[in-house]
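Chemist: What shape does this take:
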Amino acid sequence: MITFSTIFANLKSNNQIFAVGSGDISKAGTIFHAFGWPLRDITANLQEIHAANFNSILISPVQREKQIAEITERKLSGWWALYQPLNFEIGNSLGTEDNLRILCECAHELDIKIIVDVVLNHVANDGGGDELTAEMFESQEKYDALFALHINKHVDPLLLRPEFFHTILADAVEATDRFTQTHGQLGGLPDLNTENQDLQQIIINFLLSLIGCGVDGLRFDAAQHIELPEESDGTGGSDFWPNVTQAITDKSRDIILIGEFLGDINVHYLKYMNLTYSRIGEQVRSAIYNKIAKFAIFPPDYDKSQLLCWSESHDDYTDGTSSFMLPEDLILGWALIAARSGAACLFLARNTLGILCGLFGGPIQGELPLWRNPAIIAVNRFHEAMGESPDYERIMYDCVFIVERGPQNNAEGAVIINLGDQDVILADKIGLKDGKYIDQIKGYKFTVKNNHLIGDPRLITFKGRSVSVLISKYNTELKSTCSREGGRFTDKIQVKLCHFGSQMHTYSINGEEPIPFASGQVVEFGGNDVPIGGEIALQVRCDTLSKTYIFKKVINTPRKVTFKGQYNWGTRINEDGETVPDPDWFGPYIYIYDKAGACTKENAPWDDAPLMIWNPETGCFEYYVPGDFPSDVRIIFKYKGSQLPCKKEEGFLLRCGENGTFEDGTWTPKPAPEP
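Modeler: Numbering: from 1, shown residues only. Down below sits the predicted model:
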């Protein structure tokens, strides 16, 4: 056994420079990378992401891109277009400025931070005949100055100024000198002259508009290719980073700034931002591939509190470096990264088949995505529960990596990662304090005495290629949830079951054989086999505790929603004192949603919510809930930028078999009459 103390927890490199004016990256916690996800999809999945214990979400660039990213089933395609921007404004194929604002508002209600990827180094190149033409310029000289850079003709005309671009055509990626790295073209993409003060102001205005939408962090793509005030060769420096970061932090002192670095880190950037640290990802993948735990040891060269780490990034996936990793590999990798203290951690969202989720792939219907796997959730809970407590790394049998958190040899919790293929018995010393523990993933029970796991060898055996999460503060916690606690339904009904801290978790329907379930699993029942008026009893059991939910099948009658007399929305009083439709304004729009099943179901997207119809006989606006909503729903009314209920509240509840009326500020649901 080799024990590695985290001497680096408080160790700073001799070259360490503290970031000024940038929010503490550790506050970002576990970051869910919604790579390529449309903003509406992220908003619709916020509850699931929150339930999986992710603290922040990194979204892809929202600047208008070179082309609309191609959507193909279960395949990554066109992601690169998002990194070839045409302007410095909010709005592209992923969503609008309003979509971003709504996402931030909804995320903040769940204490989730939103971090936006921004591209400031370059713009889109030509291709497919999208070249600049002389007719686009007021003078031949300006056209001649920009033609050789292969700028895409759809780039914002505001940016088409020769002084806004570097003219070196050499590849910044392949270059060995810093001047070319910061002034050359990144993979053939026109490099912006970030020294220019006018261009800096355009970029600053864009970043401030993101902050105005409510974003909590910014990730600067290709940050290492934008120059510092003083470069090592004495040439090519500028005040871009001081000016930009100062303007940002003047607006929002706590905003989290992250610079993308691939490969080695230039510590001088730490004066302005936190940095990504891709090297640890390389080490972790090497440990997984070779099944050698010591490869995953965090090097003591840097202060982790300024770093963003991962076992897999979108670059690793898209260039094929990590795309072949199996779900079990990804779970091992996430445990190796997120169990430690200090650094923030980035998790690239994939589904259970190892395919990237989001716009470029999408979750497979009926599959539980990997980010909702109980092991991922348990590691996230561990990361959050351990807070700022120090970590200690311990290696056993060459293949077992243990991260202990808390006082040395008296730790409050540990993550045990067996990288090998064989099961192992942990008979050697472990740094946990004495007491009883429950594996937060599998529910197995352990006892620690005198810094040793004791008991039946079968109970202290850790399976090959597996992760165990032990947290002392959760030993007695036992909790299960069901997304619908009974009620009426008309055809089939879906419920989501979750468990926390139990060793055995099952559900049964009408007393049938119990079925184990994974936390976050969606269960469907009902259908034609249940007669009208028939009941279904769903029993959920976690260890010795159980609860039964009763569901009753009813006739699927249309449910009517009536809206009347609220601030004269869409109505006016005519000369005869009658309430009539206002010819200058449409009536209220109605948005209906249901979040209790596998995903959010809507009657229409938020921005396309349908109008309610005026009924002159009743003097009300009316709407019938679509028949494919067989269960409880939530109702929101919209009118001229306002909504009822307010933005931070859930919609009005309309249960199955009820009609609902909103009148004079009051929502009243009543059972619908039998047909």
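
Chemist: Give me the distance between the residue nearest to residue 38 when sequence neighbours are not counted and residue 379.
Modeler: Nearest non-adjacent residue to residue 38, counting by C-beta to C-beta, 6 or more residues apart in numbering: residue 94, 5.1 Å away. To be clear about C-beta, it is placed using only N, CA and C from the backbone, and glycine gets the same treatment. Computed with C-beta to C-beta, to the nearest Å, the distance linking residue 94 and residue 379 is 28 Å.

Chemist: any idea of the pLDDT on the residue nearest to residue 38?
Modeler: Residue 94 is assigned a pLDDT of 91 by the prediction.

Chemist: Looking at residue 94 and residue 379, which has the bigger crowd around it?
Modeler: residue 379 (29 against 26; other C-beta atoms under 10 Å).

Chemist: and residue 99, helix, strand or coil?
Modeler: Look at residue 99: counting by DSSP: H, G, I helix; E, B strand; the rest coil, its state is helix.

Chemist: these two touch, right, it and residue 39?
Modeler: Yes. Shown here, residue 99 and residue 39 form a contact pair, counting by C-beta atoms under 8 Å, at 4.0 Å.

Chemist: before we move on, the earlier item: wait, what's in contact with the residue nearest to residue 38?
Modeler: By C-beta atoms under 8 Å, 6 or more residues apart in numbering, the contact set of residue 94 is 36-39, 59-60, 62, 82, 359.

Chemist: at 10 Å what do you get?
Modeler: For residue 94, the contacting residues are 34, 36-42, 59-63, 65, 68-69, 82, 100, 358-359, by C-beta atoms under 10 Å, 6 or more residues apart in numbering.

Chemist: Narrow those residues to just the buried residues.
Modeler: Among those, those buried by neighbour count (16 or more other C-beta atoms under 10 Å) are 34, 36-42, 59-63, 65, 69, 82, 100, 358-359.

Chemist: what about the strands in the stretch 101-250 of the chain?
Modeler: Under the criterion DSSP state E, counting those that start in this stretch, the stretch 101-250 of the chain contains strands at 113-119, 217-221.

Chemist: Determine which residue of the protein is most distant from the centre point.
Modeler: residue 576 (55.6 Å; C-alpha atoms, centre = their mean).

Chemist: Three-state assignment for that one, please.
Modeler: coil.

Chemist: For stretch 613-623, which outside residues touch it?
Modeler: 559-566, 569-571, 578-582, 586-590, 592, 603, 610-612, 624, 635, 637, 660-663.

Chemist: and it, how far from the chain's centre?
Modeler: 42 Å (C-alpha atoms, centre = their mean, to the nearest Å).

Chemist: go on, stretch 535-544?
Modeler: Taking C-alpha atoms, centre = their mean, one finds the center of stretch 535-544 at 32 Å from the center of the full chain.

Chemist: Equivalent analysis for stretch 181-201, please.
Modeler: With C-alpha atoms, centre = their mean, you get 30 Å for stretch 181-201.

Chemist: ditto for stretch 293-312
Modeler: The answer for stretch 293-312 is 22 Å, by C-alpha atoms, centre = their mean.

Chemist: do stretch 524-535 as well
Modeler: Counting by C-alpha atoms, centre = their mean, stretch 524-535 comes out at 37 Å from the chain centroid.

Chemist: got the end-to-end distance for that stretch?
Modeler: 15 Å (C-alpha to C-alpha, to the nearest Å).

Chemist: Need the pLDDT of the residue farthest from the centre of the chain.
Modeler: At residue 576, the model reports a pLDDT of 74.

Chemist: Also residue 543?
Modeler: 65.

Chemist: Now do the helices in the protein.
Modeler: For the chain, applying DSSP state H gives helices covering 39-44, 46-51, 97-109, 140-147, 178-183, 197-213, 240-251, 278-290, 314-318, 327-338, 374-386.

Chemist: Mind putting the ones you listed into CSV with mean pLDDT and distance to residue 87?
Modeler: CSV is the format used below for the helices of the chain (pLDDT from 0 to 100; distance: least, C-beta to C-beta, whole Å):
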stretch, mean pLDDT, distance to residue 87
helix 39-44, 89, 18
helix 46-51, 84, 28
helix 97-109, 94, 13
helix 140-147, 93, 16
helix 178-183, 93, 22
helix 197-213, 98, 8
helix 240-251, 95, 17
helix 278-290, 96, 29
helix 314-318, 94, 22
helix 327-338, 96, 35
helix 374-386, 90, 36
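
Chemist: tell me the domain ranges of the chain?
Modeler: The record assigns the chain these domain ranges, following automatic domain parsing: 31-117+194-385, 122-191, 389-474, 480-553, 559-671.

Chemist: Just list whatever residues bridge to residue 620.
Modeler: residue 615 (DSSP bridges).

Chemist: Tell me how far it lies from residue 138.
Modeler: Noted for residue 620: a distance of 58 Å to residue 138, by C-beta to C-beta.

Chemist: Between these two, point out the one with more neighbours.
Modeler: residue 620 (22 against 7).

Chemist: any idea of the pLDDT on the more buried one?
Modeler: 87.

Chemist: May I have the beta-bridge partners of residue 540?
Modeler: residue 507, residue 547.

Chemist: Hmm, residue 486 and it touching each other?
Modeler: No. Under the criterion of C-beta atoms under 10 Å, residue 540 is not in contact with residue 486, lying 11.7 Å apart.

Chemist: When these two are compared, which one has more neighbours?
Modeler: residue 540 (23 against 16).

Chemist: Any figure for the gap between the more buried one and residue 120?
Modeler: Residue 540 is 50 Å from residue 120, by C-beta to C-beta.

Chemist: How about residue 335?
Modeler: Here residue 335 is placed at a distance of 34 Å from residue 120 (C-beta to C-beta).

Chemist: Equivalent analysis for residue 572, please.
Modeler: 50 Å.

Chemist: Do you know the pLDDT at the closest residue to residue 451 other than its chain neighbours?
Modeler: The shortest distance from residue 451 to any non-neighbouring residue, by C-beta to C-beta, 6+ apart, is to residue 429 (4.9 Å). For residue 429, the pLDDT comes out at 90.

Chemist: from what I can see residue 429 touches residue 409, true?
Modeler: Yes. With contact defined as C-beta under 10 Å, residue 429 reaches residue 409; the gap is 8.2 Å.

Chemist: Residue ranges in the stretch 501-650 of the chain under the pLDDT threshold?
Modeler: For the stretch 501-650 of the chain, the stretches with pLDDT under 70 are 501-504, 543-544, 565-568, 584, 596-599, 630.

Chemist: any chance you could map the strands in it?
Modeler: 505-509, 515-516, 521-526, 535-542, 545-553, 559-564, 571-573, 579-581, 589-594, 601-602, 613-615, 620-625, 633-639, 642-644.

Chemist: Among those strands, which comes closest to residue 186?
Modeler: strand 601-602 (39.5 Å; C-beta to C-beta).

Chemist: who's in contact with that closest one?
Modeler: Residues contacting strand 601-602 (C-beta under 10 Å, 6+ apart): 40, 44, 494, 591-595, 608-609, 626, 628-629, 631, 633.

Chemist: Nothing else from me, thank you.
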